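Participant: quick one, fold the following:
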Amino acid sequence: MHVRTDAPHWIFQERDASVACSRSAVDVGILQHSGMEIDVASSLAAHESFVRSWQQRVDEEARFIATLAPSLVIADIPPLAFAAAARAEVPAVGMANFSWDWITAQYAAYEPRWAPISECYATAYAGAECSYRLPLHSDFAAFRRVVDMPFVVNRSPHSRTACRERLGFDPEDSRRLILVSFGGFGAGAIAAGSDDLSDYRFAIIGETPAGIGGSWTSLPSPSPVAHEDLMRACDAVVGKTGYGTVSEALAHDVRFLYLPRAGFPEAPLLEAGLHRLGCARAMARSDFETGRWRASLDALFALPAPPPPPAIDGAERIATALIERLS
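Facilitator: Residues are numbered from 1 along each chain as shown. Just a heads-up that it's a prediction; the model follows:
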């Protein structure tokens, strides 16, 4: 297996050292000021630049694919991968809960400059053999064939007690543990709050917010404790609604106190899924930023227990499908 990405390679190699990685800017994504704020203007400029050099990028990636001579390309879910695979005459499949033609089409509704970008990406997706569509998904009209799959999610193999011991928590401490997670982005500025949070413990990757009450454990980035183990350890998570965090919360029966995000087209789909499949509540951003957390946390734990987790064997089912496809 060879991973082509400009994401940090340790993300893949810490889970399997035999995975080879090479660096390439295979997509743009969305540029963000923080986990809660999109830089729309810079995102548009980056996508326009990316599409202007599209044919050159397709040629370069196709040449790289040809040197590897792979049996299959699977992508989550950069359009360039499918265009390059088609140029190299290698079959390609997708795996995601949203596609970039859909995201950019939402922006095109109020800024027409996004429209040709969306069309370029949709054309690339049309060359895919199929796409494995994950739950809480958007429209996948650009793909010729769509196969629905359960959640693909990292699952902790450890008990809650074992995960808490790794964090150095006293097993006799009955306070609820809250994980503050913004999916690789910082939590942003938080003012000192007057709320009494002594009934809660908090864990965060990065610096502890100044002036917030309660007992805090700060972990370095990258964290020595896997995110799914942090999720197993906690009673609730406070953060943004990204697919990874949402799926891990559902898989581990963890309550979710989320901050609604404007400008993220996929956010309403993820928030609706949290309410339907898990146990969730929104917290006003003003309350979060001023440290007024107590009322929202108390209300979250006053809700009924989460329902049983949804099917979370998407990774195994997709792997089986790929093996059958390759053989």
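
Participant: what about the helices in the stretch 101-250 of the chain?
Facilitator: Here the stretch 101-250 of the chain has its helices, by DSSP state H, counting those that start in this stretch, at 115-125, 160-166, 227-233, 243-251.

Participant: tell me what the second one is packed against?
Facilitator: This means helix 160-166. When contacts are defined as 3 or more Cβ pairs under 8 Å, 6 or more residues apart in numbering; DSSP states H and E, helix 160-166 sits against helix 227-233. Where C-beta positions appear, they are placed from N, C-alpha and C, glycine not excepted.

Participant: the same query, at a cut-off of 10 Å, please.
Facilitator: The elements that helix 160-166 packs onto, with contact taken as 3 or more Cβ pairs under 10 Å, 6 or more residues apart in numbering; DSSP states H and E, are strand 176-181, helix 227-233.

Participant: mind putting the ones you listed in a markdown table, mean neighbour count and mean pLDDT included?
Facilitator: A markdown table is the format used below for these (neighbours: other Cβ atoms under 10 Å; pLDDT from 0 to 100):
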| stretch | mean neighbour count | mean pLDDT |
| --- | --- | --- |
| strand 176-181 | 23 | 93 |
| helix 227-233 | 24 | 95 |
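
Participant: would you turn those into JSON lines with distance to residue 212?
Facilitator: Below are those laid out as JSON lines (distance: least, Cβ to Cβ, whole Å):
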{"stretch": "strand 176-181", "distance to residue 212": "9"}
{"stretch": "helix 227-233", "distance to residue 212": "18"}
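
Participant: closest one to residue 41 among these?
Facilitator: Within the helices and strands packed on helix 160-166, the stretch nearest residue 41 is strand 176-181; the backing value is 27.5 Å (Cβ to Cβ).

Participant: closest one to residue 278 among the helices of the stretch 101-250 of the chain?
Facilitator: When these are compared for distance to residue 278 using Cβ to Cβ, the nearest one is helix 243-251, at 4.9 Å.

Participant: residue 286: which of the helices and strands packed on helix 160-166 is closest?
Facilitator: Nearest to residue 286, of all these, is strand 176-181, at 17.0 Å by Cβ to Cβ.

Participant: can you tell which of the helices and strands packed on helix 160-166 is closest to residue 2?
Facilitator: Going through the helices and strands packed on helix 160-166 one by one, with Cβ to Cβ as the measure, helix 227-233 comes closest at 24.1 Å.

Participant: and the closest one, how far out from the chain middle?
Facilitator: Shown here is helix 227-233, whose average C-alpha point lies 15 Å from the average C-alpha point of the whole chain (Cα atoms, centre = their mean, to the nearest Å).

Participant: packing partners of that helix?
Facilitator: Counting by 3+ Cβ pairs under 10 Å, 6+ apart, the packing neighbours recorded for helix 227-233 are helix 160-166, strand 176-181, strand 200-205, helix 243-251.

Participant: tell me which of these is the most buried.
Facilitator: When neighbours are counted by mean count of other Cβ atoms under 10 Å, the highest per-stretch mean among these falls to helix 243-251, a mean of 25.

Participant: which strands or helices does that helix pack on?
Facilitator: For helix 243-251, where contacts count as 3+ Cβ pairs under 10 Å, 6+ apart, the packed elements are strand 176-181, helix 227-233, strand 236-239, strand 255-258, helix 267-277, strand 280-282.

Participant: relative orientation of that helix and helix 267-277 in degrees?
Facilitator: Here helix 243-251 points in a direction 10 degrees away from that of helix 267-277 (axes from the mean of the first three to the mean of the last three Cα atoms, to 10 degrees).

Participant: where in the stretch 101-250 of the chain is pLDDT low?
Facilitator: Within the stretch 101-250 of the chain, the ranges that satisfy pLDDT under 70 run 183-194, 211.

Participant: what do you get if the cut-off is 90, keeping everything else the same?
Facilitator: Counting by pLDDT under 90, the low-confidence segments of the stretch 101-250 of the chain come to 168-174, 181-198, 205-216, 218-224.

Participant: residue 34: which of the helices of the stretch 101-250 of the chain is closest?
Facilitator: Between residue 34 and the helices of the stretch 101-250 of the chain, the shortest separation by Cβ to Cβ is 15.2 Å, and it involves helix 243-251.

Participant: using PDB, write out the CA atom coordinates for that closest one.
Facilitator: Included here for helix 243-251 are C-alpha records, laid out as PDB according to Å, rounded to 0.1, in the frame of the first residue of the first chain:
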ATOM      1  CA  TYR A 243     -16.800  13.100  10.300                       C
ATOM      2  CA  GLY A 244     -14.000  11.400  12.300                       C
ATOM      3  CA  THR A 245     -15.000  12.800  15.700                       C
ATOM      4  CA  VAL A 246     -18.700  12.200  15.100                       C
ATOM      5  CA  SER A 247     -18.100   8.600  14.000                       C
ATOM      6  CA  GLU A 248     -15.800   7.900  17.000                       C
ATOM      7  CA  ALA A 249     -18.400   9.400  19.400                       C
ATOM      8  CA  LEU A 250     -21.100   7.200  18.000                       C
ATOM      9  CA  ALA A 251     -18.900   4.100  18.000                       C
END
